[in-house]
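Trainee: need a structure here:
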Amino acid sequence: MQNLLNELTELLLKDERLVADGKLLKNKVVELALGMDSGLIKLLLGTENIKTHFFTNVDGVFVFDKIKFQRFISNKDFLPDSYTAYKNKTGLVNENGNYLSESKEIVLAWPYKDCILEGGQTKDDQKRNEIFWNETLAPDEIDRLLAPKVFTNFKQYDKKGEHTLTEKSEVDFSQQNFIIRGNNLLALHSLYKRYAGKIKLIYIDPPYNRDGENGFGYNDRFNHSTWYTFIKNRLDAAKFLMRVDGLIFIHIGDQELHYLKVLADSIFGRENFVATVPRKARSGKTDVPYKLSQDFDWILIYTKGASKKEELFQRSVSRKYYKTDDFPGDEWRLSDLTKQTSIKERPKSNFTLINPRNGEKFPVNPNRAWAITVDTVPDYLKRKKIVFPGDYDFQNIEVPAMRVFKSEEIEKKGEDFDKTYVSSDFLNKAMDDLLKNTANKKGTEEIIELFGNKAFPYPKNELLIQRIIEYASKEDDIILDFFLGSGTTAAVAHKLNRRYIGIEQMDYIVPVTVERMKKVINGEQGGISTSINWDGGGSFIYCELMEWNETLITRIQKAKDTKDLMKIWADMQTRASISYRILPSKINESVSDFKELSLTDQKHFLIEILDKNQLYVNYSEIDDADYKVSDNDKKLNQMFYGGF
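Mentor: From the prediction side, this is the model:
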């Protein structure tokens, strides 16, 4: 066999289409073979040994056995390190795929770049070794893997409790909030038909890919190339769901920040990069390399395609969410009267402002021509357009005196002065008491307040997400978080009257995420609830992707011994869940060899021969009796996908 492997390798190297940087492109070979490419077939026919092995002579006509050929090159001994056009290293390449040290046009390249990583997350109590679906090479197989899936276990939650949805439930799916359990890549693709081009804001807090750490519930131990594929697959899908003026906020640590920036540039376009915003996460860590604590993480912000002249961020925040009556307009902004300067001067703006409550004096900046003058002070005070410490409580900001106004008030005809921008500092203002306390600690305190314990590690605090949602969306806009975690994004979106979709695969989704949302509906007073006068209400729908082979993978990983695995193998044969390339009878004939393997290798083997296109049940096969989809689920899926 080794001679045939070497002979085939040397032969394929003669086809320039199959070679990059001196190495064969395994994916390209398969693609051409399955497409019955005439050039490839002619090349294979030119060598007698290879022609004999992969062609059948039918009355003088040689018929290419593409299935046998595919099985052969899928063998681990054939091009074991060749999965894409790239070497087994990560770096920057030009448009021709060559590595470079300097260029204006660059993309990130890595092994497996062109693969799809299902990226199923581990269960809480057991780390799962991630599997590349390298077997899924043909385009039609990839389409099947990413096809819309069947949803099951539909439940609706409101103030009256939990309600199992039935076909008779009066539910308009187009107006609902969703919490979805299942693999986030496949769930995102299942949202295409209903939500493509409709998502205004995406916030995600994916695994940071920390070396040697695993603070997240997710698998945080990817190697770099695996992590890039994992993220790329999901960002590609997310972009398709976004509105043209949509925004995505990607929270990330400094370990992958700069690589992610290059990767995100290639997906969203460098011209659609908005900003990199630092966020203070803590105040010093003791066990750190070189004794330097990196106290920040970062948020990359992109738009799908808005022009740079579009105002993607709101300058003001709706007053309706706050208890205070100090602000006279529906939308307001505060401006310090003692510091900010203008481009024009007026003599009557250089004076001392007196707090009528206690007589305290504040000199007004002489350059604040557009803000206030001596003549306008009485009217501003009467209309509560000037406020002093004690008159208001806006995130506990302590300033001498401030003016309250709508942004449009400064847009005076004939003046080219525009203050409608939003500083990226709006995220830093989300830190409790202006960064006096660390953000991660605040998020943990909120979880403890809700559950009485640390039910979830490193949650983001509600004030941070509130800032992002308030400034980057409006009421009824759709918010998406496909690394939902403890549910902070969904909780804040719910309180701020936004529609939302949250996706999470981990086991804690029911005891933590769903339970948190039930508390939100019932009016819990943690997080931002008190400041926005939240008293509960609303509803959301919980559902799950219907598992098929995914359940077998989980069972295999949890098996304690060979006896358990043999029971699973028996189930695999009856469920028709094995790859079409595998003949169960051949395995049964060699079952003694299987039992001689280590438990780890036994598990790896059984997972490898599963049909990876059958992880979940495809919606197109909802009527297949083998999957036993209930009539009720069929109706509810038709309601969800109906009309699309």
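Trainee: Show me where the stretch 251-400 of the chain dips below the pLDDT cut-off.
Mentor: Along the stretch 251-400 of the chain, the model assigns pLDDT under 70 to residues 315-334, 340-349, 366-371, 390-399.
Trainee: which stretches of it form helices?
Mentor: 257-268, 377-382 (DSSP state H, counting those that start in this stretch).
Trainee: I would like the residues contacting the last one, please.
Mentor: Under the criterion C-beta atoms under 8 Å, 6 or more residues apart in numbering, residues 353, 356, 372, 385-386, 403 lie in contact with helix 377-382. Every residue, glycine included, has its C-beta placed from N, CA and C.
Trainee: what residues are up against residue 175?
Mentor: residue 499.
Trainee: From residue 193, how far out is it?
Mentor: For residue 175, the distance to residue 193 equals 16 Å [C-beta to C-beta, to the nearest Å].
Trainee: which helices and strands sit right next to the host helix or strand of residue 450?
Mentor: Assigned by DSSP states H and E, residue 450 falls within helix 439-451. With contacts defined as 3 or more C-beta pairs under 8 Å, 6 or more residues apart in numbering; DSSP states H and E, the packing partners of helix 439-451 are helix 462-472, helix 515-521.
Trainee: okay, those, which one's buried deepest?
Mentor: The highest mean neighbour count among those, using mean count of other C-beta atoms under 10 Å, belongs to helix 462-472: a mean of 23.
Trainee: Remind me what the helix or strand that comes right after that one packs against, helices and strands.
Mentor: Downstream of helix 462-472, the next assigned helix or strand under DSSP H and E is strand 478-481. The helices and strands touching strand 478-481, judged by 3+ C-beta pairs under 8 Å, 6+ apart, are strand 199-204, helix 488-495, strand 499-504.
Trainee: mind putting the ones you listed in CSV, mean pLDDT, distance to residue 23 and mean neighbour count included?
Mentor: Shown next, in CSV, are the helices and strands packed on strand 478-481 (pLDDT from 0 to 100; distance: least, C-beta to C-beta, whole Å; neighbours: other C-beta atoms under 10 Å):
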stretch, mean pLDDT, distance to residue 23, mean neighbour count
strand 199-204, 98, 34, 24
helix 488-495, 97, 43, 28
strand 499-504, 97, 37, 27
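Trainee: Columns distance to residue 64 on top of the ones you listed, output as a markdown table?
Mentor: Below are these laid out as a markdown table (distance: least, C-beta to C-beta, whole Å):
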| stretch | distance to residue 64 |
| --- | --- |
| strand 199-204 | 45 |
| helix 488-495 | 52 |
| strand 499-504 | 43 |
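Trainee: Span of stretch 182-195 from start to end?
Mentor: End-to-end span of stretch 182-195 (C-alpha to C-alpha, to the nearest Å): 17 Å.
Trainee: Show me which residues of that stretch are buried.
Mentor: By neighbour count with 16 or more other C-beta atoms under 10 Å, stretch 182-195 contains the buried residues 182-192, 194-195.
Trainee: what sits up against it?
Mentor: 116-121, 145-149, 151, 173-174, 180, 233-234, 237-238, 240-241, 478, 480, 482-483, 501, 503-505, 544-545, 547, 550, 615-616, 619, 640-641, 644.
Trainee: Of these, which belong to helices?
Mentor: 145, 233-234, 237-238, 240-241, 550, 640-641 (DSSP state H).
Trainee: which one of those residues is nearest residue 162?
Mentor: Nearest to residue 162, judged by C-beta to C-beta, of those is residue 640 at 19.1 Å.
Trainee: I figured that closest one hits residue 173, correct?
Mentor: Yes - with contact defined as C-beta atoms under 8 Å, residue 640 reaches residue 173; the gap is 5.1 Å.
Trainee: Those two: which is more packed in?
Mentor: Per other C-beta atoms under 10 Å, whichever of residue 640 and residue 173 has more neighbours is residue 640, with 24 against 15.
Trainee: is residue 500 in a bridge, and if so with what?
Mentor: Beta-bridge pairing for residue 500 (DSSP bridges): residue 479.
Trainee: correct me, but it touches residue 476?
Mentor: No - at 10.9 Å, residue 500 does not count as touching residue 476 under the criterion of C-beta under 8 Å.
Trainee: sorry, back to before: pick out the shakiest of the helices and strands packed on helix 439-451, pLDDT-wise.
Mentor: Lowest mean pLDDT of the helices and strands packed on helix 439-451: helix 462-472, a mean of 90.
Trainee: That one to helix 439-451, inter-axis angle?
Mentor: 110 degrees (axes from the mean of the first three to the mean of the last three C-alpha atoms, to 10 degrees).
Trainee: now for helix 462-472, which elements pack on it?
Mentor: strand 199-204, strand 242-252, strand 317-318, helix 425-428, helix 439-451, helix 488-495.
Trainee: Which residue ranges of the stretch 1-150 of the chain form helices?
Mentor: Counting by DSSP H, counting those that start in this stretch, the helices of the stretch 1-150 of the chain are 2-12, 26-34, 38-45, 48-54, 66-73, 139-145.
Trainee: Just put the helices of the stretch 251-400 of the chain in a markdown table and tack on mean neighbour count.
Mentor: Formatted as a markdown table, the helices of the stretch 251-400 of the chain follow (neighbours: other C-beta atoms under 10 Å):
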| stretch | mean neighbour count |
| --- | --- |
| helix 257-268 | 18 |
| helix 377-382 | 13 |
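Trainee: just so I know, which of these lies nearest residue 42?
Mentor: Per C-beta to C-beta, nearest to residue 42 of the helices of the stretch 251-400 of the chain: helix 257-268, 35.7 Å.
Trainee: Next, count neighbours for the closest residue to residue 293 other than its chain neighbours.
Mentor: Closest residue to residue 293 apart from its sequence neighbours, by C-beta to C-beta, 6 or more residues apart in numbering: residue 285 at 4.3 Å. The tally of other residues near residue 285 (other C-beta under 10 Å) stands at 11.
Trainee: which residues does residue 285 contact?
Mentor: Counted by C-beta under 8 Å, 6+ apart, residue 285 has contacts 293-295.
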